[in-house]
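>>> Sharing a model that was predicted from the sequence below.
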Amino acid sequence: MNRFRVIEFQLLQACNAGCVYCAYDQNLPEFNNWLPLEIVEKTLAEEKPEWVWFEGGEVTMTDKSKKYLLEAMEIANRFGVRNRINTNCRNIDPEWARRLADGGLQFACVSFDTLDHERLEFLRGFPEGSGTENMERLKANALSLADHGITVDLEATVTRHNLHELEALYDYAESVATGGRNILMGAQCLVATYDEVFGLYPDMVEMHEVFMRLTRKARKGRIPVRICCSPMVRCNYPELYEPHPNVIWVECTCGYDYVHVNATGEVLLCGFWDHSETIGNLNTASLRAIWETSGLRRQAMEETPGQCRGCRHWEGPERCHNSCFSIARRKTGSFSSFAYDLTVRAIADAANRRPS
Ligand SMILES: C[S@@+](CC[C@H](N)C(=O)[O-])C[C@H]1O[C@@H](n2cnc3c(N)ncnc32)[C@H](O)[C@@H]1O
Ligand code: SF4
Ligand code: SF4
């Protein structure tokens with residue numbers, strides 16, 4: 001039985017922000033549903049993954065949700081599972097950072113898209129506070145998590161609006177990684193789940209240039225950069241992938257050793273997957289039964305684009321698996337098309353539709 005590296009639970013769907021690119025559907029009728037902790041407990045007891053990732057919506061948005069999170073983390077602690085949260089950390093003040101650290105939180109992936117307060121407002125759409133106040137609050141809360149011994153990934157979701165800031169974001173993350181703070185930078189590429197996302201996507205040529213400079217900087221720097229869901233596949237951009245401990249490519253593990261569970265108990269190949277295409281529901285079946293019998297998962301594992309057949313990066317530690325292949329499924333109904341080509345075309349189509 002393959003052990004999961006990551007089980008990701010959305011504990012609630014509600015959020016305290018309105019990010020322009022958010023792939024999560026917060027307008028479902030079950031908006032206020034909370035994932036029952038019995039489901040978390042049963043699933044972790046059966047699977048004992050290496051990591052559990054808790055998130056929302058925004059899992060730290062209220063005291064009630066933070067207390068719920070502490071209870072969920074306590075369950076993970078009992079099974080020796082390591083706790084991570086994905087958060088905008090707007091409501092994690094130093095006191096809550098301490099409580100979360102005491103509750104066993106080891107890693108916080110903090111959304112950190114920009115150093116420009118106007119761009120922060122545009123990208124993340126917090127309902128209250130000025131841009132300057134929100135920027136200062138974000139920095140203070142993120143650093144306070146690190147000061148409590150939690151590893152903090154300051155993660156930018158990469159759009160055409162903040163692409164040119166990535167190097168400055170690396171410099172910032174490096175400058176605050178002092179005094180024993182364990183901080184890294186993250187770059188989360190936009191995923192291809194909905195067509196609207198492509199309107200925000202950077203131009204691929206510019207993206208490649210910036211990532212060349214960013215990875216060069218990290219190779220000489222003090223902290224790692226962790227790059228997720230990149231459409232820049234190894235075969236087209238080999239120079240980006242020159243191995244270095246400070247350049248961590250997190251490639252697609254959908255269907256392999258990572259799984260996402262919505263607050264409604266729905267199981268998806270990824271949190272960014274088309275939300276109508278679930279593979280089962282934990283209210284009615286175990287994760288293992290869903291995982292082993294899912295036709296979609298089997299298809300995702302078995303169908304291979306022509307270019308990828310025989311590629312040494314398809315499987316194994318450097319698993320590429322045709323980058324973010326949800327676009328292939330959505331556009332063609334199968335997984336045998338090359339996701340890179342489909343993504344480049346979708347970006348160009350979106351750029352052509354934009355008023356000049
Ligand atoms: C969905 S959020 C949930 C956790 C929390 N609310 C937050 O924003 O950090 C998790 C991460 O996904 C990123 N994200 C949201 N929509 C995305 C998209 N369409 N493509 C790529 N990443 C996305 C967010 O920026 C955030 O870093
Ligand atoms: S904070 Fe997270 S969940 Fe909320 S809208 Fe932004 S990306 Fe989506
Ligand atoms: S698995 Fe496919 S997309 Fe990935 S590097 Fe190999 S050939 Fe390229």
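Perfect, thanks for sending it. Residues are numbered from 1 along each chain as shown. Ligands and ions are numbered 1, 2, ... in the order given.

>>> for the closest residue to Val197 other than its chain neighbours, phi and psi?
In space, and not counting its chain neighbours, Val197 is closest to Leu190: 5.1 Å by Cβ to Cβ, 6 or more residues apart in numbering. Yep, even glycine has a C-beta here, placed from its N, CA and C like the rest. The phi and psi torsions at Leu190 (degrees, to the nearest 10) take the values phi -60, psi 140.

>>> For the closest residue to ligand 1 within the stretch 251-356 of the chain, what is the enclosing helix or strand?
Using Cβ to the nearest ligand atom, Phe272 is the residue of the stretch 251-356 of the chain that sits closest to ligand 1, at 5.8 Å. Phe272 is part of no helix or strand when elements are defined by DSSP states H and E.

>>> Could you give the number of residues near it?
When neighbours are defined as other Cβ atoms under 10 Å, Phe272 has 21 of them.

>>> Find the nearest non-adjacent residue to it, please.
Phe272's closest residue in space is Val191 (Cβ to Cβ, 6+ apart), at 4.2 Å.

>>> Tell me the pLDDT of that neighbour.
Reading off the confidence values, Val191 has pLDDT 91.

>>> For it, grab the count of nearby residues.
There are 23 residues near Val191, going by other Cβ under 10 Å.

>>> now swap in Gly179 and tell me
Neighbours of Gly179 using other Cβ under 10 Å come to 8.

>>> Could you do the one 5 residues further on as well?
The number of residues packed near Leu184 is 22, by other Cβ under 10 Å.

>>> Which parts of the stretch 151-300 of the chain are strands?
In the stretch 151-300 of the chain, the strands defined using DSSP state E, counting those that start in this stretch lie at 151-158, 183-189, 225-228, 247-250, 258-261, 266-268, 280-281.

>>> Near ligand 1, which residues of the protein? Just list them.
Within the chain, the positions near ligand 1 by Cβ under 6 Å from any ligand atom are 15, 21-24, 55-56, 58, 86-88, 111, 155, 157, 188, 190-191, 197, 272.

>>> let's see 5 Å
Those residues of the chain that sit near ligand 1, judged by Cβ under 5 Å from any ligand atom, are 21-24, 55, 58, 86, 88, 111, 157, 188, 190-191, 197.

>>> Keep those, but drop any that are not near ligand 3.
Residues of those in contact with ligand 3 (Cβ under 5 Å from any ligand atom): none.

>>> got the contact list for the most centrally placed residue in the chain?
Centroid check for the chain by Cα atoms, centre = their mean gives Gln188 as the closest residue, at 6.5 Å. Contacts for Gln188 were tallied using Cβ atoms under 8 Å, 6 or more residues apart in numbering; they are 155-158, 228-229.

>>> How about the residues of the protein by ligand 3?
233-235, 307-308, 311, 313-314, 320, 322.

>>> are any of those buried, and which?
Listed as buried from these are 233-234, 308, 311, 313, 320, 322; burial here means 16 or more other Cβ atoms under 10 Å.

>>> Show me which of the residues of the chain next to ligand 1 is closest to ligand 2.
Nearest to ligand 2 among the residues of the chain next to ligand 1, with distances taken as Cβ to the nearest ligand atom, is Cys22, at 3.2 Å.

>>> Burial check on the closest one, number of neighbours?
16.

>>> sorry, back to before: my guess is the residue of the stretch 251-356 of the chain closest to ligand 1 contacts Ser326. True?
Yes. In this structure, Phe272 is within contact of Ser326 by Cβ atoms under 8 Å, at 6.8 Å.

>>> Quick check: neighbours shared by those two?
Both Phe272 and Ser326 are contacted by 191, 193, under the criterion Cβ under 8 Å, 6+ apart.

>>> in the stretch 101-250 of the chain, which ranges drop under the pLDDT threshold?
For the stretch 101-250 of the chain, applying pLDDT under 70 flags no range at all.

>>> Could you pull up the residues touching the residue of the stretch 101-250 of the chain found nearest ligand 3?
Using Cβ to the nearest ligand atom, the closest approach of the stretch 101-250 of the chain to ligand 3 is made by Cys235 at 3.3 Å. Shown in contact with Cys235 (Cβ under 8 Å, 6+ apart): 307, 311, 313.

>>> ok, now Ile279?
267-269, 290-291, 294, 296-297.

>>> which non-adjacent residue is nearest it?
Counting by Cβ to Cβ, 6+ apart, the residue nearest Ile279 is Ser294, at 4.1 Å.
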